[in-house]
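> Okay, predicted coordinates and the sequence, questions at the end:
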Amino acid sequence: MKRTIEVGVLLVLLFFTGHITLWAGTQPPQENSILPDFQLPIPASTAQQQYLGLQGKGLFRINQIKAKAVIIEIFSMYCPYCQREAPNINKLYQRIEADPELEGKVKIIGVGAGNSPFEVDIFRKKYQVPFPLFSDNNFTIHKCLGETRTPYFFVVATGPGTPPKVIYSKLGGIEDLDAFLKSIRVRAGIK
Amino acid sequence: MKRYLLPAIIGALIFSFSTAAAQTHSFAYKNNIYNPGVLKPVDSKLKVRVGEKAPDFTLPSISGKKVALHQFLGRKNVVLSFVPAAWTPVCSDQWPGYNIVKDVFDQHDSILLGITVDNLPTLFAWTNQMGNLWFPVLSDFWPHGQVCGKYGILRSDGMAERALFLIDKKGIIRYIDVHDINKRPALEVLVRELQELPK
C-alpha cells in the first residue's frame, strides 16, 4: 500500500514538474492543428481594445478577437532577429490597415516570451509597434506554443464559436509581405 | 538503502523543477547555440561588497583597444555585465537587450562593459550576430578569468557567473547581482539601480 502511494506521488510529481506532459507538445503547433488554449489580459488602452474588438477588464482568448485571422508573433526584446524584423512587421500592420479587404479582418498581436511588462514596453517604444504586445514573463504561453525560438509567427483562422485553427506556423521573419498576405487571405477564406 | 531511493528521486525532481529555466533564443544565431543544460545557479564566492572600491582591471576588447576600469573614474558610472559563455542560450539573448537601451545608460551617465572569459575571436564572431553593439566587449580569457577571480565570480568550470556590478564615478561598487546562471536578470532592476545612483 505504502509503495503504491509512493509511486503515485512520484507520477504526480513527474507530471507537475513537466517530466510527463499530456497536452503541451514540445513542437510548435503546425498548420491545420487547433491552437492550444491560452488567455491574455485585455489591454488597458481603449485604442487597443477597439482594435481587438474587446472591452472591459480580465482575460480573453484568441477566438474572442474580432477578426477572421490573427497573426501571433512570438518575440523577445532581447532577440536581435526580432529587433531587425520589427520595422517589417510594422509595415505588415500598415499594409493590412490600408487594404479595405483586410482591414478589420486580419489582426496582429505580439507575445514577449520571458519578457516583463517593462521589457515589452521598451520594445514597443523603441520600434513604435502599433499593434498590441503582451508580456509572457513566466514563459506560460511560450511553453504552451511549443517553446519556439524567436521570432516565430503563427496565423490562426478564428471566429466566434469556432476553435482557432493554425493556418501558418513558421520560425523566422516574413520576407515577402505580399506573398504572405495573399496566402493568409486564401487560407482564412477572406474574399 | 532502498527505502531512501524514492524520496531521493522525488527530491531531485522537485529540485529540477525549481531550477529548470525556461528560455528563448533568437533565430539570429541559426543552429549555432550550444545548450549546456541546467547548471548550478551560482558556483563561486564573491570577493567584493557594495560600498567597497571596485578592483581595477585592463582587458582587451573586440575593437582592438584595451579598456581599463580606471579610465572612467570621475567621468562615467560603469555597469559590468559578466556573462558565462559565448554561443549559449541565455547569454546570447542578454546583451542584445542592453543594445536597444543606450538612451537609458546615457540618461544616467553610464557606460556598459560586457565581459566573458572567451577569447577575442570567439567574442567577435558571436557578438557580430547581435548587430552593432554600442558598448565595449572585453575578453577575460588570459590569464584565464583573472578579473572574474578578483571579483569572486569565476566558477569551478572556468566560466564567469552571470553577474552585474554597478560602479559609480568614484569607483565604488553600488550594486551587485550574481544571478542564477540559468536565468536572465530583469532589465527593470538594473534600470532602478541606475536611477538610484547619486547625481
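Thanks, I have the structure now.

> ranges for the strands of the chain?
Answering for chain A, as no chain was given. A:39-41, A:59-61, A:69-75, A:106-113, A:133-136, A:152-159, A:162-171 (DSSP state E).

> ah, I was thinking of chain B
B:58-60, B:66-68, B:77-82, B:110-116, B:137-139, B:162-167, B:173-179.

> Same list (the strands of chain A) but as CSV, adding distance to B:Gln23, mean pLDDT and mean neighbour count.
The way it works is simple: take the backbone N, C-alpha and C, and place the C-beta from them, glycine included. CSV is the format used below for these (distance: least, Cβ to Cβ, whole Å; pLDDT from 0 to 100; neighbours: other Cβ atoms under 10 Å in any protein chain shown):
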stretch, distance to B:Gln23, mean pLDDT, mean neighbour count
strand A:39-41, 21, 98, 15
strand A:59-61, 25, 96, 14
strand A:69-75, 13, 98, 25
strand A:106-113, 9, 98, 25
strand A:133-136, 12, 98, 21
strand A:152-159, 14, 95, 23
strand A:162-171, 16, 95, 18
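
> I'd like to know which elements the longest helix belonging to chain A is packed against.
Counting residues, the longest helix in chain A under DSSP state H turns out to be helix A:80-98. With contacts taken as 3 or more Cβ pairs under 8 Å, 6 or more residues apart in numbering or on different chains; DSSP states H and E, helix A:80-98 sits against strand A:69-75, strand A:106-113, helix A:117-127, helix A:177-187, helix B:95-99.

> sorry, back to before: now render the strands of chain B as JSON lines, adding mean neighbour count, distance to B:Lys45 and mean pLDDT.
What follows is the strands of chain B, written out as JSON lines (neighbours: other Cβ atoms under 10 Å in any protein chain shown; distance: least, Cβ to Cβ, whole Å; pLDDT from 0 to 100):
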{"stretch": "strand B:58-60", "mean neighbour count": "16", "distance to B:Lys45": "22", "mean pLDDT": "98"}
{"stretch": "strand B:66-68", "mean neighbour count": "14", "distance to B:Lys45": "25", "mean pLDDT": "98"}
{"stretch": "strand B:77-82", "mean neighbour count": "23", "distance to B:Lys45": "15", "mean pLDDT": "98"}
{"stretch": "strand B:110-116", "mean neighbour count": "23", "distance to B:Lys45": "19", "mean pLDDT": "98"}
{"stretch": "strand B:137-139", "mean neighbour count": "23", "distance to B:Lys45": "23", "mean pLDDT": "98"}
{"stretch": "strand B:162-167", "mean neighbour count": "24", "distance to B:Lys45": "12", "mean pLDDT": "98"}
{"stretch": "strand B:173-179", "mean neighbour count": "19", "distance to B:Lys45": "10", "mean pLDDT": "98"}
